[in-house]
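S.K.: No sequence on hand, only this structure:
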């Protein structure tokens with residue numbers, strides 16, 4: 001994801017982003033989570049297509065995903081919950097700031 005974002009190849013960055021989330025779902029060994037992710041992934045890719053990305057997004061994406069991975073490895077569920085919520089809602093917040 002970092003490499004593609006550094007190249008500003010946003011399609012490949014988005015694919016890597018989806019794969020990151022897919023791997024987390026697979027690691028859960030929860031068939032319901034995996035099935036839901038597979039059903040949602042295509043729609044998430046469409047949402048990514050509506051995002052306007054620029055050179056600042058690469059470092060932000062790497063930082064967000066790195067933090068989520070660290071919190072998962074540490075088992076810090078309270079902070080992980082907050083970080084995942086922030087990660088998901090960033091698109092909504094970003095759209096609001098652009099509309100203002």
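M.R.: Everything's here; your move. A quick note: this is a predicted structure, and the numbers were derived from the prediction, not measured. Residues are numbered from 1 along each chain as shown.

S.K.: In the chain, what helix or strand scores lowest on average pLDDT?
M.R.: helix 77-99 (a mean of 76; mean pLDDT, DSSP states H and E).

S.K.: all helices of the chain, in order?
M.R.: Along the chain, counting by DSSP state H, helices occupy 2-6, 10-27, 31-50, 57-74, 77-99.

S.K.: tell me which residues of the third one are tucked away?
M.R.: Buried residues in helix 31-50, counting neighbours by 16 or more other CB atoms under 10 Å, are found at 37, 41, 48. Using the backbone N, CA and C atoms, a C-beta is placed for each residue, glycine as well.

S.K.: Report the contact partners of the nearest residue to residue 67 once chain neighbours are set aside.
M.R.: Leaving aside its chain neighbours, residue 67 sits nearest to residue 83 (5.7 Å; criterion: CB to CB, 6 or more residues apart in numbering). Residues near residue 83 by CB atoms under 8 Å, 6 or more residues apart in numbering: 64, 67, 68, 71.

S.K.: From residue 56, how far out is the residue nearest the centre of the chain?
M.R.: Centroid-nearest residue in the chain: residue 17, 5.3 Å away (criterion: CA atoms, centre = their mean). Residue 17 is 16 Å from residue 56, where distance means CB to CB, to the nearest Å.

S.K.: show me the residues around the residue nearest to the centre of the chain that make contact.
M.R.: Going by CB under 8 Å, 6+ apart, residue 17 touches 1, 48, 61, 65.

S.K.: most surrounded residue in those?
M.R.: The residue in the contacts of residue 17 with the most neighbours, by other CB atoms under 10 Å, is residue 61 (22 neighbours).

S.K.: what number of residues lie near the closest residue to that one other than its chain neighbours?
M.R.: The shortest distance from residue 61 to any non-neighbouring residue, by CB to CB, 6+ apart, is to residue 5 (5.7 Å). For residue 5, the count of nearby residues is 23 (other CB under 10 Å).
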